[in-house]
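Student: make a model of this:
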Amino acid sequence: MKRWWGLRKIMSLFSVIVASALLTLYGCVGGGGSSSDGGGSNGGGVDTGIEPKPVKSDYLVGAYYWVSWDTQKVFTPYMDWNDSMFDPIIGRYNSTDTTVINWHIKWAVEHGISFFAIQFFETQLKAGFLEASYLPYIKFCFIAPIVLSATEDQDKFTQQIAWMSPYFNNSLYFRITGRPVIFILINYKDYEIAPEEESMLLSWIQNAKSSMKTTGINPYLIGTYSTIGDGIFTRTSQKLNKEFDAITTYSMAVAGGQTTPYEVLVSSSISLTKDWVQGTTAEGIGLIANVIPGFDDSLSYKHGTRDFLVVRPGSTPEKFKQMCEGVKPYIDPQNNVLMVTAWNEFSEGSVIEPTKENGFAYIDALRDVFCKKPPEGFPPNIIP
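Tutor: Below you'll find the model as predicted:
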């Protein structure tokens, strides 16, 4: 059960960084968008014809949002729809299609989601997400992966943060305690972090923080452990944890086993989240609680995209709702944030975006738990 989680994220996120670097080198990627506050024009795309009606929540509910889906395979990297476990209710799409993004934003805010945490691939962001006409309805922040490899170094990681930094002034950029949020995605080879890896990661993070400090940037850093698929808190690094304002996992996909039923994942996630509360409290850092609607990478495994099979059968919206209700009491009152993995991680079967198979059932379950129903009722679920 070693290596699968870190290697999977390393391969996909390494390609993001390399592609961004190459595009920057050839002048295709700018440092901070086309507007003065580091964003797109916010005026492009065809809207849905029906303005979003945001639903209020007492919590800051976010979802990881991937912008590499590409039916034409124009961009590098792209996520392959052939690996998808579900079909979007809107149809398979390009992540730069602003009409699709407008529907995503409408559905998200009408189900209590207040922000998306997005992989930083600037070309696609500027061509799509940042141009959506409904963008003012939602907040966004970025994910910065640390990829330990022979071709990467801490200067490249620091440069990645520098590319992001102009967007921190965007009024729509998500903040906690007034500080722009960055999810630092931490990868290492095995479940147990090796001393040399810990030392290298620590150096990278400290170097990036020092660089940001010299430019007056004081972000809210969330250490996001992608390798700890089993969710055991003691696998985190106390030295690394001290560098962050809060920590989380990308998901606990193999909590309770890699092929045991989803209901085992539900109970394990709730129990492990309680352990993370105790651990983070003892270390004096914040916690970002996490829920996941399911996991199944069997098509990716079949196609050779990844070399480790994880299938959690039996997920239903009702069981996902149980997970949300079980994790809810452990949301950190200091940040009030809950993360969902994910909006559209189709190749892993971790999807709350409306699909042809499940309709709106998963985001309806999320809304039922974290939102208060207004007197006039929730907005109706509308599709194109």
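Student: in three-state terms, label Phe183 for me.
Tutor: Assigned with DSSP: H, G, I helix; E, B strand; the rest coil, Phe183 falls in the strand class.
Student: I'd guessed it sits against Ile146; true?
Tutor: No: using Cβ atoms under 8 Å as the test, Phe183 is too far from Ile146 to be in contact (11.0 Å). Every residue, glycine included, has its C-beta placed from N, CA and C.
Student: show me what contacts the most centrally placed residue in the chain?
Tutor: Nearest to the mean C-alpha position of the chain, by Cα atoms, centre = their mean, lies Tyr64 at 2.4 Å. Taking Cβ atoms under 8 Å, 6 or more residues apart in numbering as the criterion, Tyr64 is in contact with 116-118, 143, 250, 339-343, 345.
Student: show me which of those is closest to Pro375.
Tutor: Ranking the contacts of Tyr64 by separation from Pro375, with Cβ to Cβ as the measure, puts Val340 on top at 26.7 Å.
Student: the residue lying closest to the closest one once chain neighbours are set aside: neighbour count?
Tutor: In this structure, Val340 finds its nearest non-sequential neighbour in Ala63, 4.3 Å apart by Cβ to Cβ, 6 or more residues apart in numbering. Using other Cβ atoms under 10 Å, Ala63 is surrounded by 26 other residues.
Student: do you know how far Ala63 is from Ile270?
Tutor: According to Cβ to Cβ, to the nearest Å, Ala63 and Ile270 sit 19 Å apart.
Student: same deal with Tyr93?
Tutor: In terms of Cβ to Cβ, Tyr93 sits 33 Å off from Ile270.
Student: Leu202 now?
Tutor: Taken as Cβ to Cβ, the span from Leu202 to Ile270 is 31 Å.
Student: can you check Phe116 too?
Tutor: Distance from Phe116 to Ile270, by Cβ to Cβ: 25 Å.
Student: what's the answer for Ile232, then?
Tutor: 14 Å.
Student: so which of these two has more stuff around it?
Tutor: Ile270 (20 against 16).
Student: list the buried residues for the host helix or strand of that one?
Tutor: Assigned by DSSP states H and E, Ile270 belongs to helix 262-283. Within helix 262-283, the residues scored as buried using 16 or more other Cβ atoms under 10 Å are 262-263, 265-266, 268-270, 272-273, 276-277, 279-280.
Student: could I get those as a markdown table with pLDDT and distance to Arg312?
Tutor: Listed next are the buried residues of helix 262-283 as a markdown table, based on pLDDT from 0 to 100; distance: Cβ to Cβ, whole Å:
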| residue | pLDDT | distance to Arg312 |
| --- | --- | --- |
| Tyr262 | 98 | 5 |
| Glu263 | 98 | 9 |
| Leu265 | 97 | 5 |
| Val266 | 98 | 9 |
| Ser268 | 97 | 10 |
| Ser269 | 97 | 11 |
| Ile270 | 98 | 15 |
| Leu272 | 97 | 14 |
| Thr273 | 97 | 17 |
| Trp276 | 97 | 20 |
| Val277 | 98 | 23 |
| Gly279 | 97 | 24 |
| Thr280 | 98 | 25 |
